[in-house]
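Participant: sequence isn't available, so here's the structure alone:
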Ligand code: BEZ
(Lines give C-alpha, C1' and ligand atoms only; values in the text may rest on other atoms or scores of the structure.)
Protein backbone atom coordinates (compact mmCIF):
# COMPACT_ATOMS: atom_id res chain seq x y z
CA UNK A 1 0.00 0.00 0.00
CA UNK A 2 1.25 3.49 -0.81
CA UNK A 3 2.22 6.07 1.76
CA UNK A 4 -0.14 8.98 2.05
CA UNK A 5 -0.59 12.15 4.01
CA UNK A 6 -1.76 10.88 7.39
CA UNK A 7 0.08 7.53 7.18
CA UNK A 8 2.49 6.68 9.98
CA UNK A 9 6.03 6.95 8.59
CA UNK A 10 7.26 3.33 8.42
CA UNK A 11 9.99 2.38 10.86
CA UNK A 12 13.31 0.95 9.64
CA UNK A 13 16.83 0.28 10.71
CA UNK A 14 19.56 1.30 8.26
CA UNK A 15 23.23 2.32 8.16
CA UNK A 16 24.01 5.99 7.76
CA UNK A 17 26.96 8.33 7.53
CA UNK A 18 26.76 8.74 11.33
CA UNK A 19 25.58 5.39 12.78
CA UNK A 20 22.86 2.78 12.36
CA UNK A 21 19.57 4.69 12.45
CA UNK A 22 16.52 3.09 14.05
CA UNK A 23 14.12 5.57 12.50
CA UNK A 24 11.34 5.85 15.08
CA UNK A 25 13.86 6.00 17.90
CA UNK A 26 15.90 8.59 15.96
CA UNK A 27 12.77 10.74 15.45
CA UNK A 28 12.42 10.89 19.24
CA UNK A 29 9.04 12.68 19.05
CA UNK A 30 10.40 15.50 16.86
CA UNK A 31 9.38 16.62 13.38
CA UNK A 32 11.63 15.48 10.54
CA UNK A 33 12.29 15.89 6.83
CA UNK A 34 13.38 12.69 5.08
CA UNK A 35 14.60 13.32 1.53
CA UNK A 36 16.15 11.06 -1.07
CA UNK A 37 18.92 11.54 -3.62
CA UNK A 38 19.48 9.51 -6.78
CA UNK A 39 23.17 8.83 -6.17
CA UNK A 40 26.40 9.90 -4.45
CA UNK A 41 28.87 12.13 -6.31
CA UNK A 42 26.16 13.80 -8.44
CA UNK A 43 26.10 17.57 -8.91
CA UNK A 44 22.54 18.54 -7.99
CA UNK A 45 22.57 16.36 -4.86
CA UNK A 46 25.87 17.89 -3.78
CA UNK A 47 24.33 21.38 -3.83
CA UNK A 48 21.16 20.19 -2.06
CA UNK A 49 23.03 18.61 0.86
CA UNK A 50 25.13 21.75 1.29
CA UNK A 51 21.96 23.87 1.23
CA UNK A 52 20.30 21.84 3.99
CA UNK A 53 23.37 21.99 6.25
CA UNK A 54 23.36 25.78 5.83
CA UNK A 55 19.70 25.89 6.89
CA UNK A 56 20.30 23.99 10.17
CA UNK A 57 19.38 27.06 12.26
CA UNK A 58 16.04 27.35 10.42
CA UNK A 59 15.24 23.65 10.87
CA UNK A 60 16.24 23.81 14.57
CA UNK A 61 13.97 26.84 15.14
CA UNK A 62 11.02 24.75 13.97
CA UNK A 63 12.07 21.65 15.95
CA UNK A 64 12.74 19.69 12.74
CA UNK A 65 15.50 17.13 12.16
CA UNK A 66 16.86 16.48 8.66
CA UNK A 67 17.84 13.09 7.27
CA UNK A 68 18.86 12.32 3.68
CA UNK A 69 19.06 9.04 1.79
CA UNK A 70 21.25 7.92 -1.07
CA UNK A 71 21.52 4.41 -2.47
CA UNK A 72 25.28 4.06 -1.94
CA UNK A 73 27.35 2.71 0.94
CA UNK A 74 28.79 4.39 4.03
CA UNK A 75 32.32 4.56 2.62
CA UNK A 76 31.15 6.44 -0.46
CA UNK A 77 29.05 8.73 1.72
CA UNK A 78 32.12 9.65 3.78
CA UNK A 79 34.15 10.43 0.66
CA UNK A 80 31.27 12.42 -0.84
CA UNK A 81 30.73 14.41 2.38
CA UNK A 82 34.31 15.68 2.06
CA UNK A 83 33.47 16.95 -1.45
CA UNK A 84 30.19 18.49 -0.25
CA UNK A 85 31.93 20.32 2.59
CA UNK A 86 34.71 21.53 0.30
CA UNK A 87 32.55 22.70 -2.61
CA UNK A 88 29.53 24.02 -0.67
CA UNK A 89 31.56 25.58 2.14
CA UNK A 90 29.59 23.77 4.86
CA UNK A 91 29.95 21.16 7.58
CA UNK A 92 27.61 18.20 7.11
CA UNK A 93 25.34 18.28 10.18
CA UNK A 94 22.74 15.55 9.62
CA UNK A 95 22.90 11.86 8.66
CA UNK A 96 22.74 10.46 5.13
CA UNK A 97 21.21 6.98 5.09
CA UNK A 98 23.37 4.47 3.22
CA UNK A 99 20.59 2.59 1.46
CA UNK A 100 22.68 0.33 -0.77
CA UNK A 101 20.13 -2.49 -0.45
CA UNK A 102 17.26 -0.04 -1.27
CA UNK A 103 15.42 -1.19 1.86
CA UNK A 104 14.22 2.30 2.80
CA UNK A 105 13.81 3.42 -0.83
CA UNK A 106 11.41 0.52 -1.43
CA UNK A 107 9.58 1.04 1.87
CA UNK A 108 8.96 4.70 0.99
CA UNK A 109 8.35 4.11 -2.76
CA UNK A 110 11.28 6.33 -3.73
CA UNK A 111 12.16 4.31 -6.85
CA UNK A 112 9.94 5.14 -9.82
CA UNK A 113 10.77 2.47 -12.44
CA UNK A 114 9.52 4.52 -15.38
CA UNK A 115 12.13 7.16 -14.45
CA UNK A 116 14.93 4.78 -13.41
CA UNK A 117 14.90 1.11 -12.30
CA UNK A 118 17.49 1.39 -9.57
CA UNK A 119 17.97 5.02 -8.51
CA UNK A 120 15.66 7.02 -6.28
CA UNK A 121 13.83 10.13 -7.44
CA UNK A 122 13.94 13.22 -5.22
CA UNK A 123 11.27 12.38 -2.65
CA UNK A 124 10.49 14.52 0.39
CA UNK A 125 8.52 13.39 3.44
CA UNK A 126 7.65 15.90 6.14
CA UNK A 127 6.87 13.93 9.30
CA UNK A 128 5.34 15.39 12.49
CA UNK A 129 6.04 14.72 16.15
CA UNK A 130 3.50 11.87 16.14
CA UNK A 131 5.39 10.11 13.30
CA UNK A 132 2.61 11.01 10.89
CA UNK A 133 3.46 11.91 7.28
CA UNK A 134 2.16 15.44 6.77
CA UNK A 135 3.52 16.21 3.28
CA UNK A 136 4.92 14.23 0.38
CA UNK A 137 6.72 15.86 -2.54
CA UNK A 138 8.36 14.26 -5.57
CA UNK A 139 10.83 15.95 -7.88
CA UNK A 140 12.69 14.53 -10.87
CA UNK A 141 16.41 13.79 -10.56
CA UNK A 142 17.34 16.80 -12.68
CA UNK A 143 15.57 19.41 -10.52
CA UNK A 144 17.14 20.52 -7.25
CA UNK A 145 14.61 21.15 -4.50
CA UNK A 146 13.74 24.54 -3.03
CA UNK A 147 14.36 24.06 0.69
CA UNK A 148 12.93 27.49 1.50
CA UNK A 149 9.64 26.12 0.14
CA UNK A 150 9.96 23.07 2.39
CA UNK A 151 10.45 25.37 5.41
CA UNK A 152 7.40 27.37 4.26
CA UNK A 153 5.28 24.18 4.20
CA UNK A 154 6.49 23.28 7.70
CA UNK A 155 5.52 26.78 8.91
CA UNK A 156 2.07 26.34 7.40
CA UNK A 157 1.56 22.90 8.97
CA UNK A 158 2.70 24.10 12.39
CA UNK A 159 0.41 27.15 12.17
CA UNK A 160 -2.54 24.87 11.38
CA UNK A 161 -1.72 22.66 14.37
CA UNK A 162 -1.27 25.54 16.78
CA UNK A 163 -3.85 28.12 15.67
CA UNK A 164 -6.56 26.43 13.54
CA UNK A 165 -5.62 28.46 10.48
CA UNK A 166 -4.67 27.51 6.93
CA UNK A 167 -2.42 29.42 4.54
CA UNK A 168 -3.58 30.84 1.21
CA UNK A 169 -1.88 30.78 -2.19
CA UNK A 170 1.71 32.04 -2.15
CA UNK A 171 1.52 32.74 1.58
CA UNK A 172 4.74 33.89 3.21
CA UNK A 173 5.51 34.12 6.91
CA UNK A 174 3.79 37.26 8.21
CA UNK A 175 1.02 37.41 5.58
CA UNK A 176 -2.65 37.09 6.48
CA UNK A 177 -3.93 33.54 6.96
CA UNK A 178 -7.29 31.82 6.50
CA UNK A 179 -9.51 30.64 9.37
CA UNK A 180 -10.44 26.99 8.89
CA UNK A 181 -14.07 26.49 7.91
CA UNK A 182 -14.81 24.14 10.80
CA UNK A 183 -14.30 26.99 13.25
CA UNK A 184 -17.73 28.70 13.48
CA UNK A 185 -18.43 29.38 17.16
CA UNK A 186 -18.46 33.22 17.56
CA UNK A 187 -17.03 33.07 21.10
CA UNK A 188 -14.16 30.82 20.02
CA UNK A 189 -13.50 33.04 17.00
CA UNK A 190 -13.25 36.08 19.28
CA UNK A 191 -10.97 34.28 21.72
CA UNK A 192 -8.69 32.81 19.06
CA UNK A 193 -8.45 35.85 16.82
CA UNK A 194 -8.42 38.95 19.05
CA UNK A 195 -7.12 41.01 16.10
CA UNK A 196 -10.40 40.23 14.30
CA UNK A 197 -10.99 38.88 10.82
CA UNK A 198 -12.42 39.90 7.44
CA UNK A 199 -15.10 37.64 5.96
CA UNK A 200 -14.95 38.04 2.15
CA UNK A 201 -17.40 35.14 1.98
CA UNK A 202 -18.75 33.07 4.87
CA UNK A 203 -16.17 30.41 3.96
CA UNK A 204 -13.29 32.83 3.20
CA UNK A 205 -12.19 34.59 6.37
CA UNK A 206 -8.78 36.28 6.58
CA UNK A 207 -6.98 37.16 9.79
CA UNK A 208 -3.52 38.46 10.65
CA UNK A 209 -1.05 35.63 11.34
CA UNK A 210 -1.79 34.82 15.01
CA UNK A 211 1.81 34.30 16.16
CA UNK A 212 3.11 37.64 14.81
C1 LIG B 1 22.38 15.14 -9.84
O2 LIG B 1 22.26 15.02 -8.63
O3 LIG B 1 23.04 16.04 -10.33
C4 LIG B 1 21.68 14.20 -10.77
C5 LIG B 1 21.50 12.90 -10.38
C6 LIG B 1 20.86 12.01 -11.25
C7 LIG B 1 20.42 12.47 -12.49
C8 LIG B 1 20.60 13.80 -12.86
C9 LIG B 1 21.24 14.67 -11.98
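Facilitator: Happy to help now that I have it. All figures in this text were calculated on a predicted structure; none of them were measured in a lab. Residues are numbered from 1 along each chain as shown.
Participant: what ranges does this structure have for its helices?
Facilitator: Using DSSP state H, the helices assigned to the chain run over residues 23-27, 43-54, 56-61, 74-88, 103-107, 147-163, 186-192.
Participant: list the buried ones in the last one?
Facilitator: To tie it back to what came earlier, the one meant is helix 186-192. Residues 189, 192 are the ones in helix 186-192 that count as buried (16 or more other CB atoms under 10 Å). Just so you know, the C-beta spots here come from the backbone N, C-alpha and C atoms, and that holds for glycine as well.
Participant: other SSEs contacting that helix?
Facilitator: Packing contacts for helix 186-192, counted by 3 or more CB pairs under 8 Å, 6 or more residues apart in numbering; DSSP states H and E, involve no helix or strand.
Participant: count the neighbours of residue 8 for me.
Facilitator: Residue 8: 12 surrounding residues under other CB atoms under 10 Å.
Participant: distance of the closest residue to it other than its chain neighbours relative to residue 196?
Facilitator: Excluding its sequence neighbours, the residue lying closest to residue 8 (CB to CB, 6 or more residues apart in numbering) is residue 131, at 5.3 Å. Counting by CB to CB, to the nearest Å, the gap between residue 131 and residue 196 amounts to 37 Å.
Participant: swap in residue 209?
Facilitator: Distance from residue 209 to residue 196, by CB to CB: 13 Å.
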